[in-house]
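Novice: structure of the sequence below:
(chains A, B and C)
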Amino acid sequence: MTNETLIPKVGVITDIRKDTPDVKTFRVVGTDGKKLFEHMPGQCAMVSIPGVGECMFSITSSPTNEEYMEFSIKKCGCVTEVLHALEEGAQVTVRGPYGKNFPVEGDFKGKDLLFIAGGIGLAPLRSVINYVRHYRENYGKVVIVYGARSKDDLVDIEEIQTEWMNEPNTEVYLTIDRPQEGWDGHVGFVPSYVKELGLDPNMTAVLCGPPIMIKFTLAGLLELGFDKSRVYTTLELRMKCGVGKCGRCNVGDKFVCKDGPVFRMTELDELPDEY
Amino acid sequence: MKEVETKMLERAKELLESGEVARVVGWKKGEFCYDPSPATFESVEELKDFTYDWFCGANLSKYLIQISKKEGKTAVFLKPCDTYSFNQLVKEHRIKRENIHVIAVECRGKFDIEKIKAKGISFVTGAQLDGTQVKVSTLYGEETLEKSDVVLTKCATCNKDYQVQDEAIILHERTKKDVDRFAEVAKLEAMTEEERFAFWREQLSKCIRCNACRNVCPACSCVKCVFDNPASEISAKVNSDKFEEQLFHIIRAFHVAGRCTDCGECSRVCPQHIPLHLLNRKFIKDIDNFYGEYQAGETAEGKTPLTSYTEGDTEPNDVFKGEAK
Amino acid sequence: MKKIAKAKLNELYAKISESMGLFLPIKRAGEVNYAVWGEGKEVSLETLKTVKSPKNAFFPDSENLMKFKTEGKNIEIIDVRKDYKEEKPFVLFGVKACDYKAIEVLDRVFLADPVDSYYQARREATTIVTLACSKPEESCFCKVFGIDATAPCGDVTTWLDENYLYWQANTEKGEALTALVADLLEEGGEESVATQQEATKAILEKLPFSALDLSRFKPENLNDLFNDPAWEEMSEACLGCGTCTFVCPTCQCFDIRDFKTSEGVLRYRCWDSCMYSDFTLMAHGNSRTTQMQRFRQRFMHKLVYYPSQNDGLYSCVGCGRCVNKCPQHLNIVKVIKTLGGKNDD
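Specialist: Below you'll find the model as predicted:
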């Protein structure tokens, strides 16, 4: 029974953090108080509330966290709306992990890493960033560019400011779309900020955010001389099974749930434009 | 039929060449003589595949919901039954009437290839009307069938006349049929409740919920169907129990009541040959009975019995009891 | 080879049904579909194409996956698989060569790692008895996919003529079934079968779609095919209904949904169709917003995406059901002819 891929495990929500007006981070453990399963950065899990529905979410916490998993979830549909109304102690079901992870033990090793995220797009990157921080000596310089609509929409700003910004050999650049009272940081969209920063094109880049941000940021990176084969992103399409059988999350002959969600830009170039 | 097709083709060419219309909606040839598809022709060149034959049963009116929103005028060929759907859609503000040029085309009933094949005839290469009979040519020779055994169910009882036309291409007059379109309904009414329930249960148990009946139905023009809306709590892609398959078709029949023009497309497209049109016809018969004779789609204006109140209306209680006042 | 007189087929069905389930083409309310045999049911082995394919023997239109009992904040998950009657051995009888090949197509999806245990349980519990075709019709094109309609595989292969059903066991499961019904079978039939096969092959050769050109449908042409402008025209009459997908023996896309009952929540899966507008709908967008995109997905999946992931095996078997059943006569043959005809090499 435990091997059955469609049958989930019961998870208990032990902590709920309100990150932004529409993003909450849920901490989940098994009914025995232990972590539900192991995963790698970039992998996803199906979280469900019986009677409401089941959705794929990226696992926000790093695998190096041995106690629990976290999911940062934006309220935008039926399931997420009900999730946001839950209280600590509530149970959900979880199954996974699904998909390919970022090559943290492969191509990323020894490289300078650039993470670029927009809005809730930070969720899947937080897992990688914290993994890289944990094994800091395995990687080179880390640059993080993160933008959101306003300062209130920056997900998990506390961790960014107290931990990431103090990490050695790490640069963090934050930006918001429009000027706002109480914000003395950079103002402007992520793609133009990336160009302004004049980043080193030899870095390996990871992008995550709304499709429009990815499109323009990628164009900016290419202008700066980045090589597409060293730019990664993670996709999101509607999924039901998580294991390449229900047939809906394909882009061309690749299933996002199984062959993704992490793709190199060069891999995406070979696929039809339907995501 | 060939002469009619030739005339239609000539007219389509003229309209496109002169720029009077930007496109023509009709039918294009398939792989066999019996599988034409609805099609839009935007140039004289594209008309090479144009066809109009005994198998052009599809109702083109519903396509005009989208097409009439396009830039420029559209000419469309409508059979008598299709003109009712057209009017009804104009009435419901789904089709922009001013963008459409209606060409009424001759129809003496359309043939149903599945009915021909069910007679054990395959490799059909052609079919021609010969009085009350149909000559079917096949790779192995010719077969003669009664026309009444070959026409689409919707054509068998059709006595409809063109309700709208900007011009017409009609070479043969139709003969009025001496048939009662409510005869099948009356048979169902004559059954006991248990028999009727058993009949529909047997028929509806074949339903595979492909939604062909809904998607082809000109009266089903909702932008989002209640059965596709998760928030409705009745959205479903499958009949999860015996009751549900009845629920889908009965709710649909209720929803199109008073607007269904009896075009019969639902029964034409059903892959399991469920006589869905009988549900709608029962409603039409009851509406006639309770509120006075009414034919949806006869005009594109005016009041409809189920959406207008008059003091003399049958009381709802009597409707449920099945008694006209 | 063995044989049984046609008049004795009911005895054969009854014998099998004593110890196993029997699923075969049965006529109900005028249409022939696969259903469980019972005394008095009208079996129709002669029907060339059942409306639905036999895929629902393994992949039913809908099936319960699990139940949830919720109490306060607590959730209990109940495995419902042990309730399945289908896990008892059953015989799938009368499967045509195309539909049998389709099972291989489904196997590659459901039995690939991670195995779908719901499908697997039924698949393993089944003995498949195939039936050779003797009267293929113009919408058949299994030959294009290398299928021999006169000699399907399966655990047992059968041939039917006016007098007899001929019987040949191919596997251990087939031998076991043969042993079960041995009293009803007699020896012989080789010549009759050979004669029938020869006659059928002559028809197959002449079928109008027997030489469709598939050579352009290769993974390396994926983007060329995807971007072909002909999709617009090919899909313009598409109603967006699910007829083609639901009658198709290889379509296997499904949805997973929850259903609230008085005893808790039932999670079930059901057939779904890539032709439906909500197939890829997410809270914040849809990757396929037009019917052209959905239409293209279906045929690209059959002819390019699936073969690309499955050693070149097409996920069309040429059964021709979509040719017969599409309300507006759109179908995979028209797609193959339109796009395949643009072969440059």
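Novice: please make it C-alpha for all contacts and neighbour counts, starting now.
Specialist: Will do.
Novice: count of neighbours near residue 270?
Specialist: In the absence of a named chain, chain A is used. Other residues lying near A:E270 total 12 when counted by other CA atoms under 10 Å in any protein chain shown.
Novice: that answer is for a different chain, and I need it for chain B
Specialist: Residues near B:C270, counting by other CA under 10 Å, number 23.
Novice: and stretch C:300-309, average pLDDT?
Specialist: For stretch C:300-309, mean pLDDT is 96.
Novice: send the alpha carbons of it over as PDB?
Specialist: Once non-C-alpha atoms are left out, stretch C:300-309 reads as follows in PDB (Å, rounded to 0.1, in the frame of the first residue of the first chain):
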ATOM      1  CA  MET C 300       0.600  15.000 -31.700                       C
ATOM      2  CA  HIS C 301       0.300  12.700 -28.600                       C
ATOM      3  CA  LYS C 302      -0.700   9.800 -30.700                       C
ATOM      4  CA  LEU C 303       1.700  10.200 -33.600                       C
ATOM      5  CA  VAL C 304       4.700  12.000 -32.200                       C
ATOM      6  CA  TYR C 305       4.900  12.400 -28.400                       C
ATOM      7  CA  TYR C 306       4.000   8.900 -27.400                       C
ATOM      8  CA  PRO C 307       6.200   7.200 -30.000                       C
ATOM      9  CA  SER C 308       9.100   9.500 -29.000                       C
ATOM     10  CA  GLN C 309       8.800   8.100 -25.400                       C
END
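Novice: how far away from the center of its chain is that stretch?
Specialist: Relative to its chain's centre, stretch C:300-309 lies at 17 Å (CA atoms, centre = their mean, to the nearest Å).
Novice: and the contacts of that stretch?
Specialist: A:252-254, C:217-219, C:222, C:226, C:312-316 (CA atoms under 8 Å, 6 or more residues apart in numbering or on different chains).
Novice: ok, and the closest non-adjacent residue to the closest residue to chain B within chain A?
Specialist: Nearest residue of chain A to chain B, counting by CA to the nearest CA: A:C78, 8.5 Å away. Spatial nearest neighbour of A:C78, excluding adjacent residues (CA to CA, 6 or more residues apart in numbering or on different chains): A:V52 at 7.3 Å.
Novice: and the pLDDT for the residue of chain A closest to chain B?
Specialist: Reading off the model, A:C78 has pLDDT 86.
Novice: torsion angles phi and psi at the residue nearest to A:C78?
Specialist: The phi/psi pair for A:V52 (degrees, to the nearest 10) reads phi -110, psi -50.
Novice: which residues does the spatially most central residue of chain A contact?
Specialist: Nearest to the geometric centre of chain A sits A:P124, at 1.1 Å (CA atoms, centre = their mean). Neighbouring residues of A:P124 by CA under 8 Å, 6+ apart: A:41-42, A:58-60, A:208.
Novice: just the residues you listed that are near chain C?
Specialist: Near chain C, judged by CA under 8 Å from any CA of the partner chain, there are no entries from the contacts of A:P124.
Novice: for the residues you listed, which one is nearest C:G240?
Specialist: Proximity of the contacts of A:P124 to C:G240 (CA to CA) peaks at A:S58, which lies at 31.9 Å.
Novice: give me phi/psi at the closest one?
Specialist: Main-chain dihedrals, A:S58, degrees, to the nearest 10: phi -80, psi 150.
Novice: next SSE downstream of the longest strand seen in chain A?
Specialist: Determined from DSSP state E, the single longest strand within chain A is strand A:9-20. Using DSSP states H and E, the helix or strand that follows strand A:9-20 in sequence is strand A:23-30.
Novice: and that next one, what does it pack onto?
Specialist: For strand A:23-30, the elements it packs on are strand A:9-20, strand A:69-74, judged by 3 or more CA pairs under 8 Å, 6 or more residues apart in numbering or on different chains; DSSP states H and E.
Novice: just those strands: most buried one?
Specialist: Counting by mean count of other CA atoms under 10 Å in any protein chain shown, strand A:69-74 has the highest mean neighbour count of those, with a mean of 23.
Novice: can you list the residues that contact that strand?
Specialist: By CA under 8 Å, 6+ apart, strand A:69-74 touches A:22-29, A:35-36, A:57-62, A:80, A:120, A:123.
Novice: contacting residues for the residue in the stretch 101-250 of chain C positioned nearest to chain B?
Specialist: Here the residue of the stretch 101-250 of chain C nearest chain B is C:G242; by CA to the nearest CA that distance is 4.3 Å. By CA under 8 Å, 6+ apart, C:G242 lies in contact with B:209-212, C:273, C:275-276.
Novice: please redo it, this time with the cut-off set to 6 Å
Specialist: C:G242 is in contact with B:210, C:273, counting by CA atoms under 6 Å, 6 or more residues apart in numbering or on different chains.
Novice: nearest residue to the residue nearest the centre of chain C in space, please, no chain neighbours.
Specialist: Residue closest to the mean C-alpha point of chain C, counted by CA atoms, centre = their mean, is C:P249 at 2.6 Å. Residue nearest to C:P249 in three dimensions, not counting chain neighbours: C:S53, with 5.1 Å by CA to CA, 6+ apart.
Novice: what about that neighbour, neighbour count?
Specialist: C:S53: 24 surrounding residues under other CA under 10 Å.
Novice: distance-wise, check it relative to C:C251.
Specialist: The gap separating C:S53 from C:C251 is 10 Å, by CA to CA, to the nearest Å.
Novice: low-confidence stretches in the stretch 101-250 of chain A?
Specialist: Low-confidence segments of the stretch 101-250 of chain A (pLDDT under 70): none present.
Novice: re earlier: just the element for the residue nearest to the centre of chain A, please.
Specialist: helix A:122-134.
Novice: check B:A39 too.
Specialist: strand B:37-41.
Novice: that strand: which residues count as buried?
Specialist: For strand B:37-41, a neighbour-count test (16 or more other CA atoms under 10 Å in any protein chain shown) marks B:37-41 as buried.
Novice: for chain A, what's its nearest residue on chain C.
Specialist: Closest residue of chain C to chain A, CA to the nearest CA: C:Y305 (4.2 Å).
Novice: so that residue: helix, strand or coil?
Specialist: For C:Y305, the assignment made with DSSP: H, G, I helix; E, B strand; the rest coil gives helix.
Novice: give me the neighbour count for it.
Specialist: C:Y305 is flanked by 25 other residues according to other CA under 10 Å.
Novice: likewise A:E167?
Specialist: Around A:E167 there are 14 residues (other CA under 10 Å).
Novice: re the thing from before, same list (the contacts of stretch C:300-309) but as CSV, adding neighbour count, distance to C:E236 and pLDDT.
Specialist: As requested, these are exported to CSV (neighbours: other CA atoms under 10 Å in any protein chain shown; distance: CA to CA, whole Å; pLDDT from 0 to 100):
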residue, neighbour count, distance to C:E236, pLDDT
A:G252, 25, 22, 91
A:D253, 19, 24, 92
A:K254, 19, 27, 91
C:F217, 23, 22, 95
C:K218, 16, 25, 93
C:P219, 19, 26, 93
C:L222, 21, 22, 94
C:F226, 21, 16, 95
C:G312, 15, 29, 95
C:L313, 18, 28, 97
C:Y314, 23, 25, 97
C:S315, 25, 23, 97
C:C316, 26, 22, 97
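Novice: tell me which helix or strand C:Y34 sits in.
Specialist: If you go by DSSP H and E, C:Y34 is part of strand C:31-36.
Novice: can you give the domain ranges for the chain?
Specialist: Since you didn't name a chain, this refers to chain A. Domains of chain A are assigned by automatic domain parsing as A:9-98, A:113-234.
Novice: switch to chain C, that's the one I care about
Specialist: For chain C, automatic domain parsing gives the domain ranges C:2-206, C:219-340.
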